[in-house]
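Asks: Fold the following, please.
(one chain, ligands or ions: 1)
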Amino acid sequence: MPTPVPHGDIDYGELARLGLTPHDIIDFSANSNPFGPHPAVLAAIRAAVTAPVLRHYPDRDCLALRQAIAAAEAIDPALILPTNGANELIQLVALAFIKPGSRHLILSPTFGEYARAVQVMGGQVLPYFASPPDYQHDVEQIAALIRRYRPETIWLCNPNNPTGQYLSLATLNELRALAQTEALWVVDESYQYFSAFEESLGRHWVATGGETNLVVLRSLTKEHGLAGLRLGFAIAAPERIERLRVAQPAWSVNSLAQVAGVTALQPAVRAEQRRNITQLLAHAADLWRDLADAGFKLLPTTTSYALIQTGQAALTRQKLLQHRLLVRDGTSFGLPEYVRIAAQRPEQNRRLVAAMKEMEVGSKKWSNS
Ligand SMILES: Cc1ncc(COP(=O)(O)O)c(C=O)c1O
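Replies: Alright, predicted model coming up:
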C-alpha cells in the first residue's frame, strides 16, 4: 500500500510544536525562487480579488493561460494542458496511462510522487537506483534495464530532484536509441530554469518530431515563487493532452492562478525572473564553494540545490532547525546520509554555513559522535 510522500518545505505542525512560525525560519528545504513572485504578478492577483472573479467558476479551458504558455514556449496551444501544479499532472499521467499490474521504470533517486502515483493505480515500480558514490544516472545501464523489462512508462526528472543531475538532449537521444522502446516517457522539467542548461528537450521532441510517446511536466510555481498558488502545465501530443484533460477534475486551476500565470509569462516579467534565477545560480556556486571549504562532501549538481553528506540527515535537519534553518532530510529519497540544500540569498547562505561549521556536522565528526 503506497503511503503519503514526505516533502521539503514547512511542516506547519512541527513549527507549531516548536513554538515557531514560518517567518521565524529560513527555508533551504524547498527548491524555489527565493526572490518570490514578481511585483507585476502580485499586482495582477490583487486586482483579481473581486467579488465577480471569486463568485464565478474559473475558466475550465484556461484559454488566456494556454495562449500565454503557447506564446512563451512557441508551440501550438493544442499541445498544452494547464494544471494545478506539476504535482497534479503527475497524478493525471498515472490516472490516464497506468493500468493495474503494468511495469514502470522510475529513474531514482528522485521525486517521491512518481512512485506513489504509479502504485496508487496498481502499477509495479521496477527496482532501479543510480549507484553511489555520486548517484548519477548511467545511460547504458538504464537502456539495458529497459530492453530487459519492457516498462510501459519511464519517468525521468530533468534536472533531477534531489541530485541536480542534468541529461542533455544528446544524452537523452542516445538513451532513447539504445533503449528501443515504445514506452511512454514522462519527463519532469519542473526545474528546467534552475540549471545552467535551458534547453527543454521534452519540448523539442514534441514540437519538432510530432512525438507521441512523451509527456513533459512543467511547473510555474518554482520559477515564479508561486508554490502556495499552484500552477503547472503539460506539453504533449494532442491525443495525450486530451486523455489528461479527461482525467483532470473540472476547475482544477483556480482563477487567481490563471491570472498569475498570464502575467508571469509576459516577456518582461519572465526575463526579470530569469535574471533572478541566474543570480541565484551564482549565489549557489558560492554556497557550494563555502561548504566544500568547510570540509563537507557535496554531490555534483547543475542546479541551485545540492546534496550534502552529513552522516545522519535526520539529526542534521533537527539540529539546524534549532538554529531556525530548515533543510531537507534525504532519507525519503533513499539517501539517509544526505541533506538537500536549496541556495537562498547570500546573507542567508552565510548563516547556514556558519551554523553547519559551528555544529560540526561534517561527515566524519558527525557520524562518529
Ligand atoms: C521534481 C518535482 N516535480 C514536481 C513538483 C511539484 O511541483 P508543483 O509545485 O508545480 O506542483 C516538485 C515539487 O517539489 C518536484 O520536486
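
Asks: For the nearest residue to residue 334 once chain neighbours are set aside, give me its contacts.
Replies: Once flanking residues are discounted, residue 334 sits nearest to residue 109: 5.2 Å by CB to CB, 6 or more residues apart in numbering. Glycine gets a C-beta too; all of them are placed from N, C-alpha and C. By CB atoms under 8 Å, 6 or more residues apart in numbering, residue 109 lies in contact with 129, 130, 135, 160, 162, 163, 333, 334, 335.

Asks: Run through who's touching stretch 36-51.
Replies: 224-226, 229, 255-256, 259-260, 262-264, 266, 269, 272-273.

Asks: One more pass at 10 Å, please.
Replies: 53-54, 224-226, 228-229, 255-266, 268-270, 272-273, 276 (CB atoms under 10 Å, 6 or more residues apart in numbering).

Asks: Now stretch 259-267: buried residues?
Replies: Buried residues in stretch 259-267, counted by 16 or more other CB atoms under 10 Å: 259, 260, 261, 262, 263, 264, 265, 266.

Asks: so can I have JSON lines of those residues showing secondary structure?
Replies: Shown next, in JSON lines, are the buried residues of stretch 259-267 (DSSP: H, G, I helix; E, B strand; the rest coil):
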{"residue": "259", "secondary structure": "helix"}
{"residue": "260", "secondary structure": "helix"}
{"residue": "261", "secondary structure": "helix"}
{"residue": "262", "secondary structure": "helix"}
{"residue": "263", "secondary structure": "helix"}
{"residue": "264", "secondary structure": "helix"}
{"residue": "265", "secondary structure": "coil"}
{"residue": "266", "secondary structure": "coil"}
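
Asks: which of those residues lies closest to residue 20?
Replies: residue 260 (28.3 Å; CB to CB).

Asks: In this structure the closest one contacts residue 62, no?
Replies: No. Using CB atoms under 10 Å as the test, residue 260 is too far from residue 62 to be in contact (12.0 Å).

Asks: does any bit of stretch 314-331 sit next to the ligand?
Replies: No. Between stretch 314-331 and the ligand, judged by CB under 6 Å from any ligand atom, nothing touches; the nearest distance is 9.7 Å.

Asks: Pull the CA coordinates from that stretch and hand them back as PDB.
Replies: Only the C-alpha atoms of stretch 314-331 are listed here, as PDB (Å, rounded to 0.1, in the frame of the first residue of the first chain):
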ATOM      1  CA  ALA A 314      17.500  13.400  10.100                       C
ATOM      2  CA  LEU A 315      19.700  14.600  13.000                       C
ATOM      3  CA  THR A 316      21.300  17.300  10.900                       C
ATOM      4  CA  ARG A 317      17.900  18.600  10.000                       C
ATOM      5  CA  GLN A 318      16.700  18.600  13.600                       C
ATOM      6  CA  LYS A 319      19.900  20.400  14.800                       C
ATOM      7  CA  LEU A 320      19.700  23.000  12.100                       C
ATOM      8  CA  LEU A 321      16.100  23.700  12.900                       C
ATOM      9  CA  GLN A 322      17.200  24.600  16.400                       C
ATOM     10  CA  HIS A 323      19.100  27.400  14.600                       C
ATOM     11  CA  ARG A 324      15.900  28.200  12.700                       C
ATOM     12  CA  LEU A 325      17.400  26.900   9.500                       C
ATOM     13  CA  LEU A 326      15.300  24.300   7.600                       C
ATOM     14  CA  VAL A 327      17.000  21.700   5.300                       C
ATOM     15  CA  ARG A 328      15.600  18.700   3.500                       C
ATOM     16  CA  ASP A 329      16.300  15.300   5.100                       C
ATOM     17  CA  GLY A 330      17.300  12.900   2.200                       C
ATOM     18  CA  THR A 331      16.100   9.800   4.000                       C
END
